[in-house]
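Enquirer: Model the structure of this input:
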Amino acid sequence: MSLIQRFAWAYAAVLFVVTLLGYIPGLSDAEGFTFGIFKLDIVDDALHLGSALWAAGAAWHSTRAAAFYFKAFGAIYFFDGVLGFFLGQGYLDGGIFTQGVTPIDWGTKFAANLPHLLLGGAAMYIGFVLSRKFTDHA
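Expert: Numbering: from 1, shown residues only. Have a look, this model is predicted:
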């Protein structure tokens, strides 16, 4: 198993845990905000679970599949974070389409979108840079 596949297994685990966060007592406030920042709903849970299953499937299949996962997932999640940071809503959960530009203070925008920026950015690095060391055609 290559390092790229191991990273994909790690992403699968992280995203699976993220899926469960809203269901762990004490992590959400009275208004349903996880850690007081993230309003996770069934759509978000489905996206995170789907991303976790995609990562696991890619990790299990091959280094090349894992590299593709990181390229695609990274670009999708990172751009969602950028959009959310500047406009207050991302596109993965449809928020930018249903709620439009949302005036949120910069600190909250940063905190709310940091996970997608970090996960997406790291995934793009793994997929576009690191994976070249493990396969000629990744």
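Enquirer: Mind jotting down where the helices sit in the protein?
Expert: According to DSSP state H, the chain carries its helices in the segments 3-21, 42-61, 63-87, 95-98, 106-128.
Enquirer: Out of those helices, which is the most enclosed?
Expert: Highest mean neighbour count of these: helix 63-87, a mean of 20 (counted as mean count of other C-beta atoms under 10 Å). The C-beta positions use only the backbone N, C-alpha and C, and glycine is treated the same way.
Enquirer: what's the angle between it and helix 3-21?
Expert: On the basis of axes from the mean of the first three to the mean of the last three C-alpha atoms, to 10 degrees, helix 63-87 is oriented at 50 degrees to helix 3-21.
Enquirer: State the mean pLDDT of helix 63-87.
Expert: On average, the pLDDT along helix 63-87 is 97.
Enquirer: between that helix and helix 106-128, how big is the angle?
Expert: 160 degrees.
Enquirer: Centre of the chain to helix 63-87, how far?
Expert: Helix 63-87 has its C-alpha centroid displaced from the chain centroid by 7 Å (C-alpha atoms, centre = their mean, to the nearest Å).
Enquirer: Kindly report the same for stretch 105-117.
Expert: The answer for stretch 105-117 is 13 Å, by C-alpha atoms, centre = their mean.
Enquirer: Pull the residues that contact it.
Expert: For stretch 105-117, contacts defined as C-beta atoms under 8 Å, 6 or more residues apart in numbering pick out 18, 37-38, 77-78, 80-82, 84-86, 88, 90, 104.
Enquirer: right, and Gly57 touches Phe73 too?
Expert: No: the pair Gly57 and Phe73 fails to qualify as a contact (C-beta atoms under 8 Å) at a distance of 11.8 Å.
Enquirer: Check the helices of the chain for me: which has the lowest mean pLDDT.
Expert: Among those, helix 95-98 scores lowest, at a mean of 90.
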